[in-house]
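**Student:** structure for the following, please:
(chains A and B)
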Number of protein chains: 2
Amino acid sequence: MQNFTFHNPTRIVFGEQTIAELAALIPDGAKVLLTYGGGSIKRNGVYDQVVAALEGKVFFEFAGIEPNPSFDTLLKATALLKSEQLDFILAVGGGSVIDGSKFIAAAACYDGDSWDLLCGKAKVQQAVPLGCVLTLPATGSESNGNSVVTRYSTQEKMAFSSPLVYPQFAVLDPTTTYSLPPRQVANGVVDAFVHVMEQYLTYPVNAPVQDRFAEGLLQTLIEQGPQALQRPEDYAVRANVMWAATMALNGLIGVGVPQDWATHMIGHEITALHGLDHAQTLAIVLPALMQHQRRQKRDKLLQYGKRVWQLAHQDEERLIDEAISHTRAFFEQMGAPTRLADYGIDASAIEPMVERLVQHKMVKLGEHGDITPEVSRRILQQAL
Amino acid sequence: MQNFTFHNPTRIVFGEQTIAELAALIPDGAKVLLTYGGGSIKRNGVYDQVVAALEGKVFFEFAGIEPNPSFDTLLKATALLKSEQLDFILAVGGGSVIDGSKFIAAAACYDGDSWDLLCGKAKVQQAVPLGCVLTLPATGSESNGNSVVTRYSTQEKMAFSSPLVYPQFAVLDPTTTYSLPPRQVANGVVDAFVHVMEQYLTYPVNAPVQDRFAEGLLQTLIEQGPQALQRPEDYAVRANVMWAATMALNGLIGVGVPQDWATHMIGHEITALHGLDHAQTLAIVLPALMQHQRRQKRDKLLQYGKRVWQLAHQDEERLIDEAISHTRAFFEQMGAPTRLADYGIDASAIEPMVERLVQHKMVKLGEHGDITPEVSRRILQQAL
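**Tutor:** This is a model prediction of the structure:
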């Protein structure tokens, strides 16, 4: 096991009817910026519950944070927060709203061009405190310090990370997810699954707690994900998916072990250039990457096949083949096709994506730093 | 899954050579009470590392906190903290030193008789902040709000719990455990194992993440525990035991699920009246309790047998029998005998222990509240 520091200060408030607890969770006297997305929270009753809980508090609303939140949109929210001198952000929505709100929190305290925070030119030194109500289990953003923001004018999708933007609290009421469209449910499950894989499918470092926690989350998502599509109002299933997605990226399973994240980095370029859902890009890239990196990931692929999929072939190559094909089949079962062609993307699209990776300095990806642009090209070719 | 709140603010600093990080972890300007136990930290070099890291800081030492820390000893430490107006506690040791330091932290801020905090008469309203360096993985005290204190004059072992006494940080350097006597290593593994079982071996509530995390910890302890005895200086093994013990009782695996804790409550009375090590009492009580409660715990016993011990009998009663006997054999392999008789305790000792349980209002123990004094008596008889 490698040395590590782990600190996750987010208070999780989990269960039915927990939105009402916002009244006590938001600091007394706070002036709140309430952020949300396209308005689904108005249709499913979440907005009304939040507003009821905010009764007596000063709050301003900023709606319209997009999926893959837009830098320009977030600048408008930042301006509102500053002009009204608000001092707490309550993000209500999925990962995009929470990611976007983290950026608002950091940008509001940064004097220069806030793109600096995303392109790596500046580090977050201060941030407005925030809390969240999660309505779409997927990104883990409700309990980590990560944020991904897209600048549409230049088709750039960039990330930042800071301990200063961990939500102070996250309210997770599984019933808020009943009304999600199936595609979003599926995306969430695939996203969480790949988050686990990025931290698990590398090489062994004798870290059995982390391995078994990761395997437990993968098994849970494999088992509960399809049920969430079949029975949208099954509370237990929704609760299990929600908790698994939070645990998948709250930092815990990644402590002391190598991490990959190449699937995400390559996937970000697909979204930036072709507008696919984040999870769709992961469903495309991961199986191709597993295939291409099967030698480097051999030990973990075998462990994954045996423990997560209960495969028992004598022939190890065949076992790995099946582990990959099971993964692909799971994504497709969740409604996420796993080939670029399934989304109308052909070989001519590969070179521009590789160029973007180079431009973003994504030239030594993966747990060994051996996923060069040439390797990314081959992975994308494998994904055609 | 049941509704829950989870908040664990302890910063974990894990790995070799991490004690030096104390210099940055302790707040600037803090006046520190350094607490420790019987002096083993002076023999194994931990004390020197701690003192080196504290260079330039004001600190006072309080040594001699016992295993099963004594109320009277802790009062002396509290008096020192108050008289020197110290404002931070650094506990260096195992669960007893950390538990004791939590009590000091709370007692220092309480105006009345501080026994009130233990007997349930008063709740902790304020506490001196504390941090710790863990040298004995076992209790999970390094990252939770629990404390157990013994008043030897009345043979009472009592517990309190408060979010205010979570250590702000916990430094976990597995090399500090190399020099532990085998009995303490074994006790730690058994203690951590039973912590998991208290939160796992109840009844199913469709909480697969929690179940699989618990099973992963149990498997890790079963696999790594004996290796820790065989190869005391195997870093990876020590690291895995240490991390598993922390995860076993930091609150995570117990969220949203029923919990038992009858083994602990009955075990506390054995320690109080007969002086056995805490873990020895758990090794005695748990197998007997599993046997006695096999009907109420049936579903989880079967799951435990299949998933943790890979048992595959058709006959479910036999599978449960084997799950219990494997558990007993594991404790004995770790050097913790599982019968009262092994410690020279006979049937005549049972009634006084049952009387103590009644006196401490431990009359409806277990996840169903069905472990009455009569049931505790039968469990102890089963453990003869």
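
**Student:** give me the low-pLDDT residue ranges for chain A?
**Tutor:** Scanning chain A for pLDDT under 70 picks out nothing.

**Student:** residue nearest the middle of it, spatially speaking?
**Tutor:** Nearest to the mean C-alpha position of chain A, counting by CA atoms, centre = their mean, stands residue A:139 at 2.5 Å.

**Student:** that residue is in contact with residue A:97, isn't it?
**Tutor:** No: the criterion here is CB atoms under 8 Å, and residue A:139 misses it with residue A:97 at 10.2 Å. To be clear about C-beta, it is placed using only N, CA and C from the backbone, and glycine gets the same treatment.

**Student:** picking up where we left off before, show me what contacts the residue nearest to the centre of chain A?
**Tutor:** Shown in contact with residue A:139 (CB atoms under 8 Å, 6 or more residues apart in numbering or on different chains): A:94-96, A:98-99, A:146, A:191, A:195, A:245, A:249.

**Student:** and with 6 Å instead?
**Tutor:** Going by CB atoms under 6 Å, 6 or more residues apart in numbering or on different chains, residue A:139 touches residue A:95.

**Student:** how is chain A divided into domains?
**Tutor:** A:11-176, A:182-382 (automatic domain parsing).

**Student:** residues from the stretch 151-300 of chain A in reach of chain B?
**Tutor:** For the stretch 151-300 of chain A, the residues found near chain B under the criterion CB under 6 Å from any CB of the partner chain are A:206, A:208-209, A:212-213, A:216, A:220, A:236, A:239-240, A:243-244.

**Student:** please apply the same query to the stretch 1-150 of chain A.
**Tutor:** A:1, A:3-7, A:9, A:11-15.

**Student:** swap in 7 Å and give it another go.
**Tutor:** The stretch 1-150 of chain A comes close to chain B at residues A:1, A:3-7, A:9, A:11-16, A:18, as judged by CB under 7 Å from any CB of the partner chain.

**Student:** by neighbour count, which of the residues you listed wins?
**Tutor:** residue A:12 (25 neighbours; other CB atoms under 10 Å in any protein chain shown).

**Student:** could you say which helix or strand contains that one?
**Tutor:** Per DSSP states H and E, residue A:12 falls inside strand A:11-14.

**Student:** immediately after that strand, which helix or strand?
**Tutor:** helix A:22-25.

**Student:** which secondary structure elements does that following helix sit against?
**Tutor:** Using 3 or more CB pairs under 7 Å, 6 or more residues apart in numbering or on different chains; DSSP states H and E, the elements in contact with helix A:22-25 are helix A:46-53.

**Student:** make a ChimeraX selection of whichever of the residues of the stretch 151-300 of chain A next to chain B turn out to be buried.
**Tutor:** If you want just the buried ones from these in ChimeraX, going by 16 or more other CB atoms under 10 Å in any protein chain shown, the selection is:
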select /A:208,209,212,213,216,220,236,239,240,243,244
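
**Student:** put together CSV for the residues of the stretch 151-300 of chain A next to chain B, with secondary structure on each row.
**Tutor:** Supplementary listing: these in CSV, determined by DSSP: H, G, I helix; E, B strand; the rest coil:
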residue, secondary structure
A:206, coil
A:208, helix
A:209, helix
A:212, helix
A:213, helix
A:216, helix
A:220, helix
A:236, helix
A:239, helix
A:240, helix
A:243, helix
A:244, helix
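
**Student:** check the residues of the stretch 151-300 of chain A next to chain B and tell me the two furthest apart.
**Tutor:** In terms of CB to CB, those reach their longest pairwise distance at A:206 and A:236, which sit 34.6 Å apart.

**Student:** sorry, back to before: distance to residue B:110 for the domains of chain A - can I get that in JSON lines?
**Tutor:** Compiled in JSON lines, the domains of chain A are given as follows (distance: least, CB to CB, whole Å):
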{"stretch": "domain A:11-176", "distance to residue B:110": "25"}
{"stretch": "domain A:182-382", "distance to residue B:110": "34"}
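
**Student:** the closest residue to residue A:39 other than its chain neighbours and chain B, how far apart?
**Tutor:** Excluding its sequence neighbours, the residue lying closest to residue A:39 (CB to CB, 6 or more residues apart in numbering or on different chains) is residue A:63, at 6.5 Å. As for residue A:63, its distance to chain B is 29 Å (criterion: CB to the nearest CB, to the nearest Å).

**Student:** now swap in residue A:382 and tell me
**Tutor:** With CB to the nearest CB as the criterion, residue A:382 and chain B are 31 Å apart.

**Student:** okay, now that residue: neighbour count?
**Tutor:** 17.

**Student:** pretty sure it is touching residue A:294, no?
**Tutor:** No: using CB atoms under 7 Å, residue A:382 makes no contact with residue A:294, being 11.0 Å away.

**Student:** returning to what we had before: thought residue A:36 was touching the residue nearest to residue A:39, still the case?
**Tutor:** Yes: shown here, residue A:63 and residue A:36 form a contact pair, counting by CB under 7 Å, at 5.5 Å.

**Student:** these two: which is more packed in?
**Tutor:** Each of residue A:63 and residue A:36 has its neighbours counted (other CB under 10 Å); residue A:36 has more, 26 against 17.

**Student:** ok, that one - contacts?
**Tutor:** When contacts are counted by CB atoms under 7 Å, 6 or more residues apart in numbering or on different chains, residue A:36 touches A:63, A:65, A:92-93, A:97.

**Student:** measure the residue nearest to residue A:378 when sequence neighbours are not counted to chain B for me?
**Tutor:** Of all residues not flanking residue A:378 in the chain, residue A:292 sits nearest, at 6.0 Å (CB to CB, 6+ apart). As for residue A:292, its distance to chain B is 29 Å (criterion: CB to the nearest CB).

**Student:** now swap in residue A:178 and tell me
**Tutor:** 15 Å.

**Student:** what of residue A:76?
**Tutor:** In terms of CB to the nearest CB, residue A:76 sits 33 Å off from chain B.

**Student:** could you do residue A:250 as well?
**Tutor:** 10 Å.

**Student:** tally of neighbours for that residue?
**Tutor:** Counted with other CB under 10 Å, residue A:250 comes out at 21.

**Student:** quick check: which element contains it?
**Tutor:** Using DSSP H and E, no helix or strand contains residue A:250.

**Student:** I figured it hits residue A:145, correct?
**Tutor:** No: in this structure, residue A:250 is not within contact of residue A:145 by CB under 7 Å, at 10.0 Å.

**Student:** helices of the stretch 151-300 of chain A, start to end?
**Tutor:** Using DSSP state H, counting those that start in this stretch, the helices of the stretch 151-300 of chain A run over residues A:182-200, A:208-230, A:235-248, A:262-274, A:278-292, A:298-307.

**Student:** that older thread, which of the three states applies to the residue nearest to the centre of chain A?
**Tutor:** Classified using three-state DSSP, residue A:139 is coil.

**Student:** please report how far the residue of chain A positioned farthest from its centre lies from chain B.
**Tutor:** For chain A, the largest distance from the centre (CA atoms, centre = their mean) belongs to residue A:314, which lies 35.8 Å off. Separation of residue A:314 from chain B (CB to the nearest CB): 19 Å.

**Student:** for that residue, helix, strand, or coil?
**Tutor:** From three-state DSSP, the assignment for residue A:314 is coil.

**Student:** list phi and psi for it.
**Tutor:** phi -70, psi -40 (degrees, to the nearest 10).

**Student:** list the contacts of it.
**Tutor:** With CB under 7 Å, 6+ apart, residue A:314 has no contacts at all.
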